[in-house]
Structures are given as structure tokens and as C-alpha cells.
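> coordinates only, sequence not included:
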């Protein structure tokens, strides 16, 4: 399984101030900070260049207030940018003493013009200075360890789910409970409640497009007679979108000619998506610092078995198809693809080859509930940082700034590049209704780089049952847990 590192469009979409890395076929995720899922559901593909939007700062609007909820706004699109935004009273008091300090933040590319405007307003509001340090993703993974060891890290560190255990257990990150108002409206409460180690909060994020959805080619479904009442989203709304039902669809949409597969029913690089869809996490972090293995539980086994059956029994996907999922989907050679918004096609606002539908991942059976699989990112403060409070103020202010400007034509045009208004409504309904599930298992020692691929190979190449494969892998997971807790 490979991950190609690229800058995610979501960052630009929400006027956010830090750029994250795209997690697609081994090193990072496609979520971003300073972004609210409450992006207004306006229509139209208005486009405004970033520099043009900010060319005349006299057109900026001051005095925007942050909302205390996540209801959509009915405000009409505007070219004006709200620059003077207000944060909640508690956060205002918490960050009132930043005057004269410097906040060292990180980015993975040169900040956009609107990001620079946000920084300017942040500096003005708190009478402090922001310095932006730019790293490549590969360099950052090494530099953060070196800078913490040297006692001179930046004030802000990006932390993906695959790194969290290592960063928390080996003192790369420090607890941040003293530097945030946990009840402030823009924090993602799922991230807040899960990125904890021994009962303390180590990382936070604001709302992000991190939920994995099934994207599907509506043209292929219509040609197969699977539209109307049989459309996957209609099936989902009836409570019938189960693992077995999805297998039926994927198998029906798989087309072969002369012994060769021309269209695959399903493909995705996220091999564990069905484990999360079953509510599985692989491991669970306990408040006392111990870690329990859950990968051998019934629901998680069902998630692992799902792909094995699709590969070896249904022939509706393959490891080759999963490795080339995106190119095949764009070439109309894959009917369903599991990914987050913004990854299906390069620019949905200009995509005309076929209509893209969206539906949540299936549930195990009719008696189960739906879960939202996710690949998550959060922001923490390294051990030894000089201005931890400033770092958290910067994250939170960016979210407020983003929310205040979500109705600009620029924000709308960027959002439309990654998701249509119709699919955005489906996505938001899923986020509201279903529990977000993700895993920290990839942060255990060499598990992600070495043992995890070996487990997949047993199941998907050698056709071993998930029960037998996990039984073989469990001693390895136990060893990796032991080594991690020893700070090795």
C-alpha cells in the first residue's frame, strides 16, 4: 500500500491557514486544520482568484462574529472578506496574554494570500508575531524528532492518526488541556475525545473533510438498471445498505470480456475502510496507558473478511485494481471508490465525463448501525515549545476566520472543485448522523510499514480467513505495543 504525498485542495477550500498532506496510496492524511465542516451549501461555481479576492483590502469587512453552532448560513455569496473576527469569550480570556510573543507554526507549502491575511489579522488582534516554517512532508517527519531532541521545536506540530501513539508515548507532544477551551464551538469533539493519552489531551483539530465515503459512477449504475429506487443512497436511507447489499452491487457492476476484467465493482487504497465501517479500531487506548487489541473482535473480522470475499469469491475487486483505484475510477473502469471528498476527480466543478454519486460506507447488517470511517489529522504542541498557548490560539483563530469567510465566492468555488452541493448535503448528513471511527494501530512501531502489509497479504493474496490471519498477527501486535510503551 502506497501513499502519494500532495497538497490537499481542502486547505484552500476553507481559507485555512496551514496546509496538510494528502493521504492517498503511506505517510500522511488529507485533513486540514482551521476548517469547519459547516461550509455553506450555496450553489453555483463562482470563481475568484485568491490574489484578486484580496487585492483591495478596503473591500474587507470587519466585525464578523464566530457562531456557537454549526448550522448552515443563508448569507448570499460575497467577494468581501471578513478580517476582524471575534472568538468566544472564554478563548478571548485564555489567549489575552500573547502580546509581545512569537508563534512558530509550520506549513507544507508557501501560505496562500488569504492565509497571509489571516496571519496579519491574528498578529494585529493579539499583538504578537507569527513565523511560518515550511517543510516537505518527508523532511518534517525527521525534523520534528530532531528539533524536540535539541530542545528547539516549533510551537505547532501536525499529528496524524498513524503517528499519535508514538508522539504521545515517547514525549514528542505535550498535553494541551491548559491551552484550550474544550467547550469552544469549533473544536472537532471526536478528535478532542480520542487524541488522549493517559486521560490528557494531546492534539486537537477543527472540522475537516476526513470521512471516507463511497463515490460511485452514476452512469455505470444507470446502465445496469441500478438507479431510481435502487440508487445506493436511496437504499442507504431505507436502512438496507449493508455489507451483503454492497457486495451485490459491486458484483453486478463488474464486467468481464474475454477473461479480462473491463470494469471493477470496487477499488480503494484504504484496505481497512470496511474494518472502520464495522465500528472497528484495531486497538483501544485506555486511560491508564494500556492498549487493548480489538482486531480479533467479530465486527472487525467481518470488515477484514469483506474484502477477502470480494476479491476471491465475487471477483469484484483485486489488489491491482486497489493500487490503481483513482485512475481506474476516472477512466470509468471502477464503479465504486472509497475515499474522502476531493479525491475522486481533479476538479468536480469541471468534471463532465460522468455524474459522481456519494453514499456512506455500508453497515455490517440490518441490525448494525452505520459508522463513518475516517483518516484523521490533528494539531499538537511539541515538548519544549516556547509558546504552546500561542500555537493553540493560532489554530482556533484560523477556524473562526475560515467560518466567517465561508460565504465568499472564493470559498464556494474552491469547495465546488472537490464536492458538488448535492453530495455535500449527503456528506453532511452522514457526518451528523453516524459516529466517526478511525484507528491508532498504525502508530505501533513497525506495524504500519512491515507487519500490516503482511497481514493484508495473508488475507487478500493467500486467501487466508481473517480469523486465522489475525491470530497469526496478534503476537506481533502485542510485541509492538510492548515496545511502544517502553518508549522504543
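Here it is on my side, so go on. Keep in mind that what you see is a predicted model, and the values were worked out from it rather than measured.

> Nearest to the spatial middle of the chain, which residue is it?
residue 210 (2.4 Å; Cα atoms, centre = their mean).

> surely it meets residue 377?
Yes. If you go by Cβ atoms under 8 Å, residue 210 and residue 377 touch, sitting 7.1 Å apart. C-beta: built from backbone N, CA, C; applies to glycine.

> Contacts only, for the closest residue to residue 119 other than its chain neighbours.
Nearest-residue entry for residue 119: residue 130, 4.9 Å, with adjacent residues in sequence omitted and distances by Cβ to Cβ, 6 or more residues apart in numbering. Applying Cβ atoms under 8 Å, 6 or more residues apart in numbering, one finds that residue 130 lies in contact with 102, 103, 105, 119, 122, 123, 394.

> out of these, which are buried?
103, 105, 119, 122, 394 (16 or more other Cβ atoms under 10 Å).

> want to try TSV for the residues you listed, with distance to residue 487, pLDDT and secondary structure as columns?
As requested, the buried ones among the contacts of residue 130 are exported to TSV (distance: Cβ to Cβ, whole Å; pLDDT from 0 to 100; DSSP: H, G, I helix; E, B strand; the rest coil):
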residue	distance to residue 487	pLDDT	secondary structure
103	29	99	strand
105	27	96	strand
119	36	96	helix
122	35	96	helix
394	29	97	helix
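
> who's in contact with stretch 191-207?
So stretch 191-207 is contacted by 31, 33-38, 70, 159, 164-165, 167-169, 173-177, 180, 182, 186-188, 285, 287-289, 376-380, 392, 395-396, 398-399, 402, 438 (Cβ under 8 Å, 6+ apart).

> mind giving me the domain ranges of the protein?
9-210+376-437, 213-373+444-485 (automatic domain parsing).

> Tell me where the longest helix sits in the protein.
Across the chain, the longest stretch assigned as helix under DSSP state H is helix 466-485.

> Could you give me the buried positions within it?
So for helix 466-485, counting by 16+ other Cβ under 10 Å, buried means 466, 469, 470, 473, 476, 477, 480, 481, 484.

> right, and the second one touches residue 461 too?
No. With the criterion set as Cβ under 8 Å, residue 469 and residue 461 do not qualify as a contacting pair; they are 10.7 Å apart.

> residue contacts, residue 239?
Residue 239 touches residue 366, counting by Cβ under 8 Å, 6+ apart.

> Sketch out the low-pLDDT regions of the protein for me.
For the chain, residues meeting the criterion pLDDT under 70 lie at 1-76, 488.

> Could you rerun that using 80?
1-80, 84, 88-89, 487-488 (pLDDT under 80).

> Let me know the outermost residue of it.
residue 258 (39.7 Å).

> Can you give me the distance of that one to residue 316?
18 Å (Cβ to Cβ, to the nearest Å).

> just residue 282 next, same as before
Where residue 316 is concerned, residue 282 sits at a distance of 25 Å (Cβ to Cβ).
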